[in-house]
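Participant: fold the following for me, if possible:
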Amino acid sequence: MSSLNLLADQWGGARVIVTGASGFIGLNLVKRLSELNAEVLVIDRIQPGEQFPNVEFEWADLRHLDTTYEADYLIHLAAVTNAGYAERYPIDAYEINVLGTANLLNHVRINKRVFFPSTALVYKASDLPISEDGEADVSSTYAQSKSMGEQIVKFACNRMDVGYTLVRFFNIYGTGQLPMYIAPQILRQIAEEHRVVVRNGSVMRDLLYIDDCIDAVLKLVITPEAQGTVFNIGSGEIVSINDVASSAVEASGQEEVSITDLGENIAYSPTSIRADIRKVQSTIDWHPSTSLIEGLKIMWENYARSG
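Facilitator: Model (predicted):
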């Protein structure tokens with residue numbers, strides 16, 4: 001049976017709760033779940049920008065739930081996900097990422113698996129690929145809030161006697177991402193200003209295209225061997241922000257676009273993080289299939305059409 005048919009067989013008719021479905025990763029995930037004929041309940045404070053078959057929406061603030069929900073799977077994506085925002089508004093980050101997670105898990109009955117995404121920013125910077133047991137650094141508000149979320153999920157799932165899968169996302173990018181993130185920020189500058197200014201071009205990051213990320217998530221949630229552990233989700237490749245800017249200029253086909261590196265020191269941001277993805281690759285049939293230049297070209301074409 002092909003990987004696609006196996007996904008359709010496993011997800012068809014499954015009852016799935018998704019939080020954070022109005023966000024970048026959440027919206028793409030809900031779309032794929034709908035295509036696989038899963039029965040999806042979205043719990044969110046913001047209704048997703050698109051409607052899909054077999055997807056219901058219920059408005060709720062995860063910090064103040066008064067209903068108990070039952071499903072086969074819980075995919076809990078709702079969170080403050082921008083590290084800069086978390087530093088400026090730490091109470092929001094802790095309330096949503098920690099209290100919201102704890103309260104949600106106190107108001108669900110899950111039969112098969114809880115899936116929780118953490119972040120690669122829980123790791124200490126390293127020039128080498130970072131494995132799941134790599135040295136931690138939770139000195140930033142965002143990293144600490146997500147690390148606490150990991151512990152809450154483990155604790156609650158053990159109490160509920162249900163399996164969990166944790167992942168640590170590296171830099172996921174793609175069409176529909178908010179402009180505060182690096183890839184759409186650079187492409188917007190190329191289109192609107194015909195120049196690119198980056199805060200620190202020497203920072204090294206691991207970028208993974210959204211479609212590859214969703215494929216990994218869908219496979220991990222239903223794989224028995226992925227239960228009770230954590231996985232890195234990234235491309236396994238590393239590029240500088242200056243390289244991202246140069247690739248974006250190439251993807252756009254625009255000529256004579258200048259790139260300026262301000263060389264700023266960015267607080268609470270590791271200088272270099274790259275995923276060691278051997279664990280996830282040995283557990284599921286998955287490998288990143290979209291190169292950085294291909295992903296940026298898709299984003300540019302969509303940006304040009306919508307603009």
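Participant: which parts of the stretch 101-250 of the chain are helices?
Facilitator: Counting by DSSP state H, counting those that start in this stretch, one finds helices in the stretch 101-250 of the chain at the ranges 141-160, 182-193, 210-222, 241-252.
Participant: ok, and what's touching the first one?
Facilitator: This points to helix 141-160. Residues outside helix 141-160 that contact it (CB atoms under 8 Å, 6 or more residues apart in numbering): 76, 79-83, 86-87, 90, 93-94, 97-98, 101-102, 105-106, 109-110, 114, 116, 118-119, 121-122, 136-138, 163-164, 166, 230, 268. For every residue, glycine as well, the C-beta is placed using N, CA and C.
Participant: now, of the residues you listed, which are buried?
Facilitator: Applying 16 or more other CB atoms under 10 Å to the contacts of helix 141-160, the neighbour count classes 76, 79-81, 83, 86, 90, 93-94, 97-98, 101-102, 105, 110, 114, 116, 118-119, 121-122, 137-138, 163-164, 166, 230 as buried.
Participant: correct me if wrong: T119 contacts F169.
Facilitator: Yes: assessed by CB atoms under 8 Å, T119 is found in contact with F169 at 6.0 Å.
Participant: which regions of the stretch 1-150 of the chain lie under the pLDDT threshold?
Facilitator: 1-5 (pLDDT under 70).
Participant: where along it do the strands fall?
Facilitator: 15-19, 39-44, 55-59, 69-76, 108-119 (DSSP state E, counting those that start in this stretch).
Participant: state the distance from I25 to E87.
Facilitator: In this structure, I25 and E87 are 21 Å apart, going by CB to CB, to the nearest Å.
Participant: wait, V221
Facilitator: 31 Å.
Participant: ok, now S269?
Facilitator: Using CB to CB, S269 is found at 10 Å from E87.
Participant: find residues that contact each of the two.
Facilitator: Here S269 and E87 have S140 as joint contacts, going by CB under 8 Å, 6+ apart.
Participant: how close does the closest residue to H287 other than its chain neighbours get to V167?
Facilitator: Nearest non-adjacent residue to H287, counting by CB to CB, 6 or more residues apart in numbering: Q281, 6.2 Å away. Distance of Q281 to V167, given as CB to CB: 13 Å.
Participant: kindly report the same for L121.
Facilitator: 13 Å.
Participant: and for T67?
Facilitator: The gap separating T67 from V167 is 27 Å, by CB to CB.
Participant: of the two, who's got more company?
Facilitator: Neighbour count, other CB atoms under 10 Å: between T67 and V167, V167 has more, with 25 against 9.
Participant: from what I can see that one touches G234, true?
Facilitator: No: in this structure V167 lies outside contact range of G234 using CB under 8 Å: 9.9 Å.
Participant: now for those two: what residues contact both?
Facilitator: Counting by CB under 8 Å, 6+ apart, nothing touches both V167 and G234.
Participant: so I259 lies in a strand, does it not?
Facilitator: Yes: counting by DSSP: H, G, I helix; E, B strand; the rest coil, I259 is part of a strand.
Participant: hmm, back to that, can I get the strands of the stretch 1-150 of the chain in TSV with distance to M180?
Facilitator: Putting the strands of the stretch 1-150 of the chain into TSV (distance: least, CB to CB, whole Å) gives the following:
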stretch	distance to M180
strand 15-19	21
strand 39-44	20
strand 55-59	25
strand 69-76	22
strand 108-119	15
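Participant: can you tell me which of those is nearest to A251?
Facilitator: For the strands of the stretch 1-150 of the chain, the distance to A251 is smallest for strand 108-119, at 26.1 Å, taking CB to CB.
Participant: elements contacting that closest one?
Facilitator: strand 69-76, helix 141-160, strand 163-169, helix 210-222 (3 or more CB pairs under 8 Å, 6 or more residues apart in numbering; DSSP states H and E).
Participant: most tightly packed of those?
Facilitator: Among the helices and strands packed on strand 108-119, strand 163-169 has the highest mean neighbour count (mean count of other CB atoms under 10 Å), at a mean of 23.
Participant: that one vs helix 210-222, what angle?
Facilitator: 160 degrees (axes from the mean of the first three to the mean of the last three CA atoms, to 10 degrees).
Participant: by how many degrees do strand 163-169 and helix 141-160 diverge?
Facilitator: On the basis of the same axes, to 10 degrees, strand 163-169 is oriented at 170 degrees to helix 141-160.
Participant: quick one: contacts for F52?
Facilitator: When contacts are counted by CB under 8 Å, 6+ apart, F52 touches 30-31, 34, 40.
Participant: what's the farthest-apart pair in the residues you listed?
Facilitator: Between all members of the contacts of F52, the longest pairwise span (CB to CB) is found for K31 and V40 and amounts to 9.9 Å.
Participant: the more surrounded of these two?
Facilitator: V40 (27 against 17).
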